[in-house]
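Engineer: Fold the following and give me the result.
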Amino acid sequence: MSSDQSYPFPQVFVVDRGGGTHDSAQTPNLIPCWSFPPAQERVRRKRGGCLGISYSLALILLLLFLLVFAALGFEAYQIMHIQKQLRNARQVEPEATLEFSAPQKQIGVYEPEDGSKGERESIRPAAHLIERIETNRNSKTLRWEHKVGQAFAIGGVVYQKEDGALRVNETGLYHVYSRVELIFKNCHPTSSFEHSVFVRREGDPAPLTLMNAHRAGFCPQHSTRSWTTENYLGSAHQLKKHDKVYVNISHPEYLSQSHYGSFFGLYKI
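Structural biologist: Residues are numbered from 1 along each chain as shown. Below you'll find the predicted structure:
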């Protein structure tokens, strides 16, 4: 049997009616056939799943995608919640600012711009004086600065330069206070001083003592150096209109010569 050897074909045997077999002299009509992969390769392809990816791997990828989308959704919810809180805070902030600023206008030192008499009379009487720097002090009744630094006198309280008094022009309950700071040179155990606050009242010839203190024993034993000491007085007192309040010190020459070391003031309660 002659055939094109470049294309292999299976041998074909022709069986006649007599039961004999012989090679066909002619090439029979051939039926095309297709080659199939081996059985093992077909099994591997079936086991490979969709698009060559195993079902377990596809399930893992699906779970990862779901986890990513869930995280994104949670972050979006958190951002929306924070934005809502910020909007609420902006709405509440102006009300809190108004509530906080109102008391400041009531208790602060405020001068009305229009200068109306009614608003000026509503200012609470108060004064704060600081020590006047003087080289020679002869009077035990101290003089003060009323317009230097933090010193002031408002609400009808008047400072009298000639005698160092604070005069009140309104009857009421006042808190009166005074502090003195002294530097004793060649301080020794017997050193001492007195600090007092008194008032002069119309119709009373003698002054009325409001507060008094006697300090001693503040110097160490066998000391020949300078020593700084201080004393503070403060309490509430009923004052009458036109009362004049003063401060006395027994050793004015030992004052520390500091604006803020010694001070004197009062305010209506």
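Engineer: Every contact and neighbour count from this point should use C-alpha atoms.
Structural biologist: Fine.
Engineer: check contacts around the closest residue to H259 other than its chain neighbours.
Structural biologist: Excluding its sequence neighbours, the residue lying closest to H259 (CA to CA, 6 or more residues apart in numbering) is E131, at 4.8 Å. Contacts for E131 (CA atoms under 8 Å, 6 or more residues apart in numbering) come out as 143-145, 257-263.
Engineer: What is the nearest of these to D204?
Structural biologist: Of all these, D204 sits closest to R143, with 22.7 Å by CA to CA.
Engineer: pLDDT score for the residue nearest to the closest one when sequence neighbours are not counted?
Structural biologist: Distance criterion CA to CA, 6+ apart; nearest residue to R143, sequence neighbours excluded, is G164 at 4.6 Å. Looking at G164, its pLDDT stands at 94.
Engineer: State the phi and psi torsions of V197.
Structural biologist: Note on V197: its backbone torsions stand at phi -130, psi 130 [degrees, to the nearest 10].
Engineer: nope, A165 is what I was after
Structural biologist: For A165, the backbone dihedrals are phi -100, psi 150 (criterion: degrees, to the nearest 10).
Engineer: Next: R200.
Structural biologist: Main-chain torsions, R200, degrees, to the nearest 10: phi -110, psi 130.
Engineer: what's the answer for the one 4 residues further on, then?
Structural biologist: As for D204, its main-chain torsions (degrees, to the nearest 10) stand at phi -110, psi 110.
Engineer: now do A58
Structural biologist: Torsion angles, degrees, to the nearest 10, at A58: phi -60, psi -40.
Engineer: what residues are up against it?
Structural biologist: Counting by CA under 8 Å, 6+ apart, A58 has no contacts.
Engineer: L129: neighbouring residues, count only.
Structural biologist: Applying other CA atoms under 10 Å, we find 27 residues neighbouring L129.
Engineer: can you check the one 5 residues further on too?
Structural biologist: When counting by other CA under 10 Å, one arrives at 10 neighbours for E134.
Engineer: Kindly report the same for F152.
Structural biologist: 19.
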